[in-house]
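Enquirer: model the following, please.
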Amino acid sequence: MTKWIPVAVILLALSSGARKTAADLVVTGATVYTIDSAFSVTTSFAVKDGKIIATGTSEDISKNFSAKQTIDATGQFIYPGFIDAHAHFIGYGLGLETVNLVGTESWEDILQHLDEAVKGRDIATGWIIGRGWDQNDWTTKEFPSKEKLDERFPNTPVLLTRIDGHAAIANQKALDLAGVKAGMTLTGGEVETKNGQLTGILVDNAVDLVSASKPPPTIAKIKSALLKAQRNCFAVGLTTVDDCGLDYEAILLIDSLQKTGDLTMRIYAMLSDSKKNLDFAAAKGRIKTDYLNVRSFKVYADGALGSRGACLLQPYTDKPGWSGFLLSEPAHFDSVAAIIHTMGFQMCTHAIGDSGNRMILQTYARHLKGKNDLRWRIEHAQVINEHDFRLFGDNSVVPSVQPTHATSDMYWADKRLGSEREKGAYAYNDLLKQNGWLPLGTDFPVEDISPFKTFYAAVVRKDAKGFPATGFQTANALSRQDALRGMTIWAAKANFEEKEKGSIEKGKLADFVILDRDLMKTPAGSLLQTKVISTFLNGKKVF
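Expert: Predicted coordinates for the structure are as follows:
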């Protein structure tokens, strides 16, 4: 009898080994923030065919799964792949090849940047394009004028766009090519003049007059831009981005590059508000793959606060008699809302000023008619009148916000709005209370691409320099948990994708990021020093 005992032990061991489930990847030894409904923290998970198949302790996962690849995270910190709920992915990529004017400190500084950029270049061909200036960062906080551009570049068109994309300065050559004349008027835009002469400053829809004259980028250039943007996104832990406002041709190009495997970034693409895009959506319907989701439209209500194009209920504190403007007549927004509602698409509207937000909220209410799950969004929801916050909750309207806008604008927002009106601006905690969730983004390239700056601005309410010492309107700061939810599961929910991404749970895509520190516990002053160790998409390392 005793001679059979070793055989029994061997058979038992073999049987135990056979019960292990095959996986492609097992990660152990981590602090894993799953971002599930309980905000659970665990230490291990297994991946098969690009999806999470189990989470648990390192001991349990190792005992029950065998894997082709194992990663011992050695105590590092893992989160779901970050989702940027409001960005301009293609625009960011194309912008990497233009003159970078972010951080310039004066008009003279900009001119020096241009001089450096054109050294050794034949400026007789092509345009000089730049982006990123902000007169609010200068000692003289006024729009510049084009005379020195005309002196330097009399025969080369120049277009330099403000940081928010809602204003620009062009030289005379560019204005001539576009047919822009002094005295022109247009809905939702301004061609600035002084003493009857063009200054070169264009605001909102006026910028499009000159932009339309630029030669369009080639397919090869757009492809190169997409791949550069993808590389930078993966490097900061982003695995999904919402590209807010594209023509259908760009979306078809994205789809083709994703199908060939050249582009692997997951993109929630919003069609721009135009007849051709509405016709495309009506004929094509929703588009949904593992990498592309097209079911929404980006509409623009008003301009930006920094260029005084945001539409306010009362005049700007620093410009009496001026309240900004809507970019289209109110009837347009109602008409577009009716079409989008009939198609079953999501409406996502840029609204900055309290008047712009009120008009869109009231438009939405006419079509949504109370609580719903259509998830129509207001992008930015930047300045809200105290009587209008409830309209978000009453009609389940999603405020899609960008925390770094608050910490960029706080230096001058009170000058535009006055102290009382400013209390309803960048009010993320007040907005969160309306529906119990809200997605977070950056609006890159308007702001920095970093999710950690988003997290820091949302939680600490300071800029990267640590200003102000006591934080900006800290009553509207978000908790660390809610900020992380806003960058993951709530951003996924804003895209109707919460069942497939946004948390590390069984059945979801294995998109995750490994960081060198714990966002939940790291001292506030060290949050911006967070480094991405690795980024994974479908359980495969992409950074």
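
Enquirer: could you list the domains of this structure?
Expert: As assigned by automatic domain parsing, the chain contains the domains 14-75, 83-87+217-541, 90-211.

Enquirer: just say which of those domains is most tucked in.
Expert: Neighbour counts (mean count of other Cβ atoms under 10 Å) averaged over each of those peak at domain 83-87+217-541, with a mean of 20. (Each C-beta comes from the backbone N, C-alpha and C, glycine too.)

Enquirer: follow-up on the earlier one: a markdown table for the domains of the chain, including mean pLDDT?
Expert: Formatted as a markdown table, the domains of the chain follow (pLDDT from 0 to 100):
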| stretch | mean pLDDT |
| --- | --- |
| domain 14-75 | 93 |
| domain 83-87+217-541 | 97 |
| domain 90-211 | 91 |
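
Enquirer: just confirm residue 67 is within a strand.
Expert: Yes - assignment of residue 67 by DSSP: H, G, I helix; E, B strand; the rest coil places it within a strand.

Enquirer: mind listing what it touches?
Expert: 22, 23, 24, 25, 26, 46 (Cβ atoms under 8 Å, 6 or more residues apart in numbering).

Enquirer: so the fourth one belongs to a strand, correct?
Expert: This points to residue 25. Yes - assessed with three-state DSSP, residue 25 lies in a strand.

Enquirer: report the contact partners of it.
Expert: Residues in contact with residue 25 (Cβ under 8 Å, 6+ apart) are 46, 47, 67, 68, 69, 70, 71, 510, 539.

Enquirer: does residue 45 touch residue 61 like I think?
Expert: Yes - between residue 45 and residue 61 there is a contact at 6.6 Å, judged by Cβ atoms under 8 Å.

Enquirer: spit out the residues that contact the two alike.
Expert: Jointly contacting residue 45 and residue 61 under the rule Cβ under 8 Å, 6+ apart are 26, 54, 55.

Enquirer: dump the residues you listed into TSV; add distance to residue 475 as well.
Expert: TSV is the format used below for the shared contacts of residue 45 and residue 61 (distance: Cβ to Cβ, whole Å):
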residue	distance to residue 475
26	44
54	41
55	36
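
Enquirer: residue 340 - nearest residue in space that isn't next to it in sequence?
Expert: Distances taken as Cβ to Cβ, 6 or more residues apart in numbering place residue 347 nearest to residue 340, at 4.7 Å, with adjacent residues excluded.

Enquirer: quick one: contacts for that neighbour?
Expert: 296, 297, 299, 336, 337, 340, 341, 364, 376, 377.

Enquirer: go with 10 Å
Expert: Neighbouring residues of residue 347 by Cβ atoms under 10 Å, 6 or more residues apart in numbering: 270, 273, 296-299, 333, 336-337, 339-341, 360, 363-364, 367-368, 374-378, 397.

Enquirer: take these and keep only those in helices.
Expert: 333, 336, 337, 339, 340, 341, 360, 363, 364, 367, 368 (DSSP state H).

Enquirer: got the phi and psi for the closest residue to the last one other than its chain neighbours?
Expert: The shortest distance from residue 368 to any residue that is not its chain neighbour, by Cβ to Cβ, 6+ apart, is 4.4 Å, and that residue is residue 395. In this entry, residue 395 is assigned phi and psi values of phi -120, psi 20 (degrees, to the nearest 10).

Enquirer: what's the spacing between residue 395 and residue 377?
Expert: 12 Å (Cβ to Cβ, to the nearest Å).

Enquirer: if you count residues, where's the longest helix of this structure?
Expert: helix 219-235.

Enquirer: to the chain's geometric centre, what's the distance from that one?
Expert: With Cα atoms, centre = their mean, to the nearest Å as the basis, helix 219-235 stands 16 Å off its chain's centre.

Enquirer: one step back: going by distance to residue 469, which of the contacts of residue 67 wins?
Expert: Minimum distance to residue 469 across the contacts of residue 67 is 44.4 Å, recorded for residue 25 (Cβ to Cβ).

Enquirer: could you check how far that closest one is from residue 492?
Expert: 21 Å.

Enquirer: residue 170 too?
Expert: Counting by Cβ to Cβ, the gap from residue 170 to residue 492 is 40 Å.

Enquirer: as CSV, the ones in helices among the contacts of residue 347 with distance to residue 134 would be great.
Expert: As requested, the ones in helices among the contacts of residue 347 are arranged in CSV below (distance: Cβ to Cβ, whole Å):
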residue, distance to residue 134
333, 28
336, 30
337, 32
339, 36
340, 33
341, 37
360, 26
363, 31
364, 31
367, 36
368, 36
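
Enquirer: quick check: nearest residue in space to residue 266, chain neighbours excluded?
Expert: Of all residues not flanking residue 266 in the chain, residue 240 sits nearest, at 4.1 Å (Cβ to Cβ, 6+ apart).

Enquirer: okay, and the beta partners of the one you found?
Expert: Beta-bridge partners of residue 240, counted by DSSP bridges, are residue 83, residue 266.

Enquirer: hmm, it is touching residue 268, no?
Expert: Yes - using Cβ atoms under 10 Å, residue 240 is in contact with residue 268, at 6.6 Å.

Enquirer: mutual contacts of these two, please.
Expert: Once Cβ under 10 Å, 6+ apart is applied, the residues that residue 240 and residue 268 both contact turn out to be 83, 84, 85, 87, 293, 491, 492, 495, 497.

Enquirer: confirm that residue 32 sits in a strand.
Expert: Yes - the assignment for residue 32 (three-state DSSP) places it in a strand.

Enquirer: report the contact partners of it.
Expert: Residue 32 sits next to 40-45, 55-56, 58, 73, 76-80, 504, 512, 514 when contact means Cβ under 10 Å, 6+ apart.

Enquirer: contacting residues around residue 200?
Expert: 143-147, 149-150, 158-160, 168-172, 174-175, 180, 191-192, 210.

Enquirer: what helix or strand is the residue nearest to residue 432 when sequence neighbours are not counted on?
Expert: Excluding its sequence neighbours, the residue lying closest to residue 432 (Cβ to Cβ, 6+ apart) is residue 438, at 5.2 Å. For residue 438, there is no host helix or strand (DSSP states H and E).

Enquirer: over to residue 372?
Expert: Using DSSP H and E, residue 372 maps to neither a helix nor a strand.

Enquirer: test my guess that it contacts residue 396.
Expert: Yes - between residue 372 and residue 396 there is a contact under Cβ under 10 Å: 5.0 Å.

Enquirer: strands along the stretch 351-500 of the chain, start to end?
Expert: Remark: strands assigned in the stretch 351-500 of the chain by DSSP state E, counting those that start in this stretch are 377-380, 398-400.

Enquirer: need the overlap of contacts for residue 372 and residue 396.
Expert: Common neighbours of residue 372 and residue 396 (Cβ under 10 Å, 6+ apart) are residue 364.

Enquirer: state the distance from the nearest residue to residue 62 once chain neighbours are set aside to residue 35.
Expert: With Cβ to Cβ, 6+ apart as the criterion, residue 62 has its nearest non-adjacent residue at 6.1 Å, and that residue is residue 28. For residue 28, the distance to residue 35 equals 19 Å [Cβ to Cβ].
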